[in-house]
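Novice: Fold the following.
(chains A and B)
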Number of protein chains: 2
Amino acid sequence: MKVVVTGGAGFLGQRLISGMLERGELTDSNGVRRAISEVVAVDQVEAPAAPRVRSAVGDVSDSAFVADVVKGADSVFHLAAVVSGAAEADFDLGMRVNLDGTRGLLDALRREGRTPKVVFASSVAVFGGVLPDTVTDATTPAPQSSYGVQKLIGELLLGDCSRKGMIDGRAVRLPTIVVRPGKPNAAASSFASGIIREPLAGMEARCPVDPDTSMWLMSPSSAIANLLHAHELPAARWKGPRALSLPGISVSVREMLDALVRAGGEAARARVKMQPDPRIQAIVMGWPARFDTARADAMGFVRDADFETIVRDYVKEHGR
Amino acid sequence: MKVVVTGGAGFLGQRLISGMLERGELTDSNGVRRAISEVVAVDQVEAPAAPRVRSAVGDVSDSAFVADVVKGADSVFHLAAVVSGAAEADFDLGMRVNLDGTRGLLDALRREGRTPKVVFASSVAVFGGVLPDTVTDATTPAPQSSYGVQKLIGELLLGDCSRKGMIDGRAVRLPTIVVRPGKPNAAASSFASGIIREPLAGMEARCPVDPDTSMWLMSPSSAIANLLHAHELPAARWKGPRALSLPGISVSVREMLDALVRAGGEAARARVKMQPDPRIQAIVMGWPARFDTARADAMGFVRDADFETIVRDYVKEHGR
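Specialist: Below you'll find the predicted structure:
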């Protein structure tokens, strides 16, 4: 079984690849469990060398490149994207990668004619505008960022190609993933990891939003479990919309900082500087912070216990 | 004031151009009423010659062509589309014209840097799947046809470009327009005009759907009035979503045939042959037939009185 992971050299992509190779097999579109023979990590940079993993370095918006990498693919996890802050700042870049890239990928898969499974990493950023206190499976996505619009268009294209039998698509709207290791990125949500990660490592971090701001969060390990679960569910369980919101937890920035104190003490907390950034605040405030994910719950997707556990697991894995 | 009408040689495009030239002036994006100096009718064929009307023959998915025709445009009415049945039968064609065409148009307008008004003819085909008895402004669009998906993506792009201040966009979801004069087209809804038009002209017509099928309808003259109204409303009235469902009337095919009897007698009715077509039935059944259009009503969009009046007006204008 050949699996393609776009964004495969990134943080989530790398963990996803490790996760699937640990399992060793996945269920193909005919419902047959098969050993993973090859994973192609598609990204702008080389993925770390590993058995059964091949790096394909290129641009996901380059249709010839994409057509080449998906040859013979049984499954695709499409994670590659220009993140929210960058897509807002550079409209053309976001459109090219997030829209054209997804469109080109679906086109290439369709021409392969194998009806592969496609798991698409969508985002809660598809929601915005005037929102109810709790977003449900019936809430109309009304994105207020270019990133959210591009993700929603990806969901729609994935749904239509699935309806036409070109692919077997499954789109999951990821909450903000925390705690990400490594460096800050251009995502408007990047600070949510930074205000835990940096202080625990003895470094200063800036918090650009009000402590009362609530966010909808998921740990990296739950994200990987849910991406794989989205893939493993039989197509019959995806009757109806091919996109759904994943179960996260609703946490205020204040609660996040409290968890930081418990993990790293007041000294860690003191390293977080409150530096309001109206641009970031506006984007993050536009994202819904509380969901009723009845459909995903019924389909067996998992939810983190609480934010303290997320931080504890981060410390266990990455140290301080 | 320069106005561009894509699909300008088509039935609605032609009526729209006549309608705006009769008025003589339109309100520009600064709220100033200005005389219409030129209308560019963009289409695959020449529009009939008329004062102040210039034909631009080309493909709306050709970005260089589109960039050229929109030079200096103050307003654009974007009607050009591959219709529902054709977009379903030829996926590539629909994607190219309905998605790439709209995207290219918005791109060209943005590069012009004039923030023109853009009225986009969307469709009730953005709705589908499991629907409530009455679709409201809160119902989530879930298109079940490639045409509907492409129209919804157009709405999303228009909304994002408006949010970014690149254009001043307004998308109106048109009901099925009846009675269209002329010949049948590849729209799945084409029969709805055909079962009135052909029998009144002494010709046979086929009805591919069950008489109990209900449809959401609007007359051509109401459609034109509403497209122009969408344009004339100040941007402040378009706060919130840049797309809305227009007021139509809910009519069953049986009621349509009853109206045919009243306009043309039993002889006309006898010319309609019931020939169920599961493909057409499935598409049309997937469209919602009843709406609560509170938002559009409050914004002053108009609704037809009833189907008999629509047929009477058709006969008045086009004869039998």
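Novice: Could you give the separation of stretch A:9-28 from the chain centroid?
Specialist: Going by Cα atoms, centre = their mean, to the nearest Å, the spacing between the C-alpha centre of stretch A:9-28 and its chain's C-alpha centre is 14 Å.
Novice: Please save the CA atoms from it in PDB.
Specialist: C-alpha atoms of stretch A:9-28 as PDB (Å, rounded to 0.1, in the frame of the first residue of the first chain):
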ATOM      1  CA  ALA A   9       8.200  17.000   6.400                       C
ATOM      2  CA  GLY A  10       6.200  19.200   8.700                       C
ATOM      3  CA  PHE A  11       5.500  18.700  12.400                       C
ATOM      4  CA  LEU A  12       2.100  17.000  12.000                       C
ATOM      5  CA  GLY A  13       3.100  15.200   8.800                       C
ATOM      6  CA  GLN A  14       6.200  13.700  10.500                       C
ATOM      7  CA  ARG A  15       4.200  12.500  13.500                       C
ATOM      8  CA  LEU A  16       1.500  11.100  11.200                       C
ATOM      9  CA  ILE A  17       4.000   9.200   9.200                       C
ATOM     10  CA  SER A  18       5.600   7.700  12.300                       C
ATOM     11  CA  GLY A  19       2.100   6.900  13.600                       C
ATOM     12  CA  MET A  20       1.000   5.000  10.600                       C
ATOM     13  CA  LEU A  21       4.300   3.200  10.200                       C
ATOM     14  CA  GLU A  22       4.100   2.100  13.900                       C
ATOM     15  CA  ARG A  23       0.700   0.600  13.000                       C
ATOM     16  CA  GLY A  24       2.300  -0.900   9.900                       C
ATOM     17  CA  GLU A  25      -0.900  -1.300   8.000                       C
ATOM     18  CA  LEU A  26      -4.000   0.700   6.900                       C
ATOM     19  CA  THR A  27      -7.400  -0.100   5.400                       C
ATOM     20  CA  ASP A  28      -7.600   0.500   1.700                       C
END
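Novice: for that stretch, which positions count as buried?
Specialist: For stretch A:9-28, a neighbour-count test (16 or more other Cβ atoms under 10 Å in any protein chain shown) marks A:9-17, A:19-21, A:26-28 as buried. Bear in mind the C-beta positions are built from the backbone N, C-alpha and C, glycine included.
Novice: contacts for the helix or strand hosting residue A:26?
Specialist: Here residue A:26 sits within strand A:25-27, counting by DSSP states H and E. Strand A:25-27 is contacted from outside by A:1, A:3, A:20, A:33-36, A:75, A:228, A:231-232, A:234, using Cβ atoms under 8 Å, 6 or more residues apart in numbering or on different chains.
Novice: mind running it again at 7 Å?
Specialist: A:1, A:3, A:20, A:33-36, A:75, A:231-232 (Cβ atoms under 7 Å, 6 or more residues apart in numbering or on different chains).
Novice: Which neighbours in the sheet does it have, and how are they oriented?
Specialist: Within its sheet, and counting by DSSP bridges, strand A:25-27 is paired with strand A:33-35 (antiparallel).
Novice: what's the model's confidence in the helix or strand following the strand it pairs with, averaged?
Specialist: Next in sequence after strand A:33-35, counting helices and strands by DSSP H and E, comes strand A:38-43. Mean pLDDT, strand A:38-43: 98.
Novice: Flag the shaky bits of chain A, pLDDT-wise.
Specialist: Within chain A, the stretches with pLDDT under 70 are A:320.
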